[in-house]
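Novice: got a sequence here, can you build the structure:
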Amino acid sequence: METREQEPLKDGDLEEDPALALQRLVDLTASMVTPIRTLRSRYRLVQELGAGTYGRVLLARPRRGGPPVALKLLPRASASWTTFLREFCVGRCVSSHPGLLRTLAPPLQSPCHYAFAQEYAPCGDLSGMLEDRGLPELQLKRVGVQLARALDFLHSRGLVHADVKPDNVLVFDKACHRVALGDFGLTRPEGCPAPAPPGPLPSAPPELCLLQPPDTLVLRPELDSWGLGVLLFCAATAGFPWSVALAPDPGFETFAVWMTARPQPALPPHPWDQFSVAAQTLLRGLLALEPETRSQPTAVLDWAGEAWMVGGAEASEEVEEEEEEEEEEGTGGGGKEDSTGGEEEASLDEGSEEEEGAPLGTGP
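Specialist: Take a look at the predicted model:
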């Protein structure tokens with residue numbers, strides 16, 4: 001027998017002490033997780049959208065009808081019950097903001113997986129749009145403004161995303177009229193300890209890259225400011241500025257010398273010379289080497305009216321012309337076609353999911 005569907009979490013549920021409020025929501029949600037015999041009893045599993053260390057995301061069609069969803073699966077053999085509940089609760093609490101990916105109730109558990117649904121972004125993630133070249137300036141600014149507002153909303157709730165990168169930005173249309181930050185697996189209340197990353201991460205700030213296990217770092221919003229700065233560089237150039245924000249990485253050393261030079265050199269080093277003076281000022285603020293001197297994400301809004309790239313105005317005009325042509329043709333800049341009809345269902349590669357009489361499970 002299934003449990004009742006969870007009452008929707010309200011915007012502002014984390015306005016009290018964030019850590020205590022989040023734990024309260026986790027405790028409340030634990031009794032509301034719906035046990036199911038198989039995921040296929042609820043969804044038609046169409047195809048894999050992504051996979052990582054902690055789980056998989058599948059394109060799924062609800063059996064009872066409705067739009068397709070992105071179904072996030074966490075293996076019960078490796079994912080903790082608390083981690084699953086915390087990610088779901090954070091997602092529900094911030095779902096009211098259009099720049100943050102909406103999480104849908106109820107959370108589920110099958111014999112093999114914890115699962116919850118999120119809204120499906122037809123154009124995939126931002127990294128998929130950057131395979132050949134960076135975004136035209138108009139789209140770049142749209143991405144930057146939306147993410148700045150999303151992070152400001154998140155920080156106002158006392159939360160730090162802690163994993164801002166192109167892979168975690170979902171795109172709803174090719175013109176980037178709407179993008180949303182997703183994957184709240186590492187999101188924690190401000191002040192919580194953050195462990196050292198498992199390996200070199202080009203989006204991580206120097207203070208995090210310097211950590212050695214078992215040392216931890218106190219989470220602050222400045223961590224997301226750095227992630228946003230690196231993301232804007234990636235979105236503009238289709239590449240990371242460095243492999244890791246530490247010496248002796250040549251890309252980072254060049255940047256650090258530029259940042260600390262007194263007086264400032266007349267010309268910035270490559271590849272920073274691709275950016276206008278306004279964009280250089282913005283990026284230098286977000287990517288300040290000392291965390292306490294970093295700009296807030298909303299600094300993006302102060303520079304949105306300026307040119308960001310050398311030759312950016314011409315590129316923006318081309319994008320606007322392309323969008324007008326798409327609207328006239330009726331495409332509206334849509335994303336990948338939803339190919340859920342007539343396909344075989346995606347395999348979970350777990351025979352126990354389909355075994356008759358498999359136990360439902362009641363938590364950890």
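
Novice: please enumerate the strands of the stretch 1-150 of the chain.
Specialist: 34-35, 43-51, 56-62, 69-75, 103-109, 113-119 (DSSP state E, counting those that start in this stretch).

Novice: tell me the strands beside the shortest one, with direction?
Specialist: In this case it means strand 34-35. Paired strands of strand 34-35, with direction, are strand 103-109 (parallel) (DSSP bridges).

Novice: mean confidence for the helix ranked longest in the chain?
Specialist: Longest among the helix segments of the chain by residue count, using DSSP state H, is helix 137-156. Averaged across helix 137-156, the pLDDT comes to 98.

Novice: what helices and strands are in contact with that helix?
Specialist: Helix 137-156 makes packing contacts with strand 179-181, helix 222-237, helix 299-302, helix 312-329 when contacts are defined by 3 or more CB pairs under 8 Å, 6 or more residues apart in numbering; DSSP states H and E. All C-beta atoms are positioned from the backbone trio N, CA, C, and that covers glycine.

Novice: Ala77 is in contact with Gly55, correct?
Specialist: No. Gly55 is beyond contact range of Ala77, at 11.2 Å (criterion: CB atoms under 8 Å).

Novice: those two: which is more packed in?
Specialist: The residue with more neighbours, out of Gly55 and Ala77, is Gly55; 19 against 8, by other CB atoms under 10 Å.

Novice: torsion angles phi and psi at the residue nearest the centre of the chain?
Specialist: Most central in the chain under CA atoms, centre = their mean is Asn168, positioned 2.8 Å from the mean C-alpha point. Phi and psi for Asn168, reported as degrees, to the nearest 10, are phi -100, psi 10.

Novice: what sits closest to it if chain neighbours are left out?
Specialist: Distances taken as CB to CB, 6 or more residues apart in numbering put Asp183 closest to Asn168, at 4.3 Å, once the chain neighbours are dropped.

Novice: state the distance from that neighbour to Gly52.
Specialist: To Gly52, Asp183 is 9 Å away according to CB to CB, to the nearest Å.

Novice: and if you look at Asp173?
Specialist: Remark: distance between Asp173 and Gly52 (CB to CB) = 25 Å.

Novice: those two: who's more crowded?
Specialist: Set Asp173 next to Gly52 and count neighbours by other CB under 10 Å: Asp173 wins out with 18 against 10.

Novice: can you classify that one by secondary structure?
Specialist: coil (DSSP: H, G, I helix; E, B strand; the rest coil).

Novice: pretty sure it sits against Met129.
Specialist: No. The criterion here is CB under 8 Å, and Asp173 misses it with Met129 at 10.9 Å.

Novice: so where is the stretch 251-364 of the chain shaky, pLDDT-wise?
Specialist: Counting by pLDDT under 70, the stretch 251-364 of the chain has low-confidence residues at 312-364.

Novice: please redo it, this time with the cut-off set to 50
Specialist: Along the stretch 251-364 of the chain, segments meeting pLDDT under 50 span 328, 330-342, 350-362.

Novice: three-state assignment of the closest residue to Lys165 other than its chain neighbours?
Specialist: Leaving aside its chain neighbours, Lys165 sits nearest to Ser203 (4.2 Å; criterion: CB to CB, 6+ apart). Following three-state DSSP, we place Ser203 in the coil state.

Novice: any idea how far Val164 is from Ser203?
Specialist: 7 Å.

Novice: quick one: Lys165 and Val230 touch, right?
Specialist: Yes. Counting by CB under 8 Å, Lys165 does reach Val230; the two are 7.4 Å apart.

Novice: how much space between Gly191 and Asp17?
Specialist: Gly191 is 10 Å from Asp17, by CB to CB.

Novice: now do the contacts for the closest residue in space to Ser95 that isn't next to it in sequence.
Specialist: Spatial nearest neighbour of Ser95, chain neighbours left out: Arg102 (4.3 Å); criterion: CB to CB, 6+ apart. Arg102 makes contact with 91, 95, 118-119, 180, according to CB atoms under 8 Å, 6 or more residues apart in numbering.

Novice: of the residues you listed, closest to Asp273?
Specialist: Ranked by distance to Asp273 (CB to CB), the contacts of Arg102 are led by Ala180 at 31.7 Å.

Novice: got the contact list for the closest residue to that closest one other than its chain neighbours?
Specialist: Distances taken as CB to CB, 6+ apart put Leu101 closest to Ala180, at 4.5 Å, once the chain neighbours are dropped. Leu101 is in contact with 91, 95, 118-119, 121, 170, 180-183, counting by CB under 8 Å, 6+ apart.

Novice: and for Thr281?
Specialist: For Thr281, the contacting residues are Trp303, by CB under 8 Å, 6+ apart.

Novice: separation between it and Glu222?
Specialist: Using CB to CB, Thr281 is found at 18 Å from Glu222.

Novice: same thing with Pro202?
Specialist: Distance, Pro202 to Glu222, using CB to CB: 18 Å.

Novice: so which of those two has more stuff around it?
Specialist: Of the pair Pro202 and Glu222, Glu222 is the one with more neighbours under other CB under 10 Å, namely 22 against 19.

Novice: can you pull the contacts of the more buried one?
Specialist: By CB under 8 Å, 6+ apart, Glu222 lies in contact with 205, 291-292, 294.
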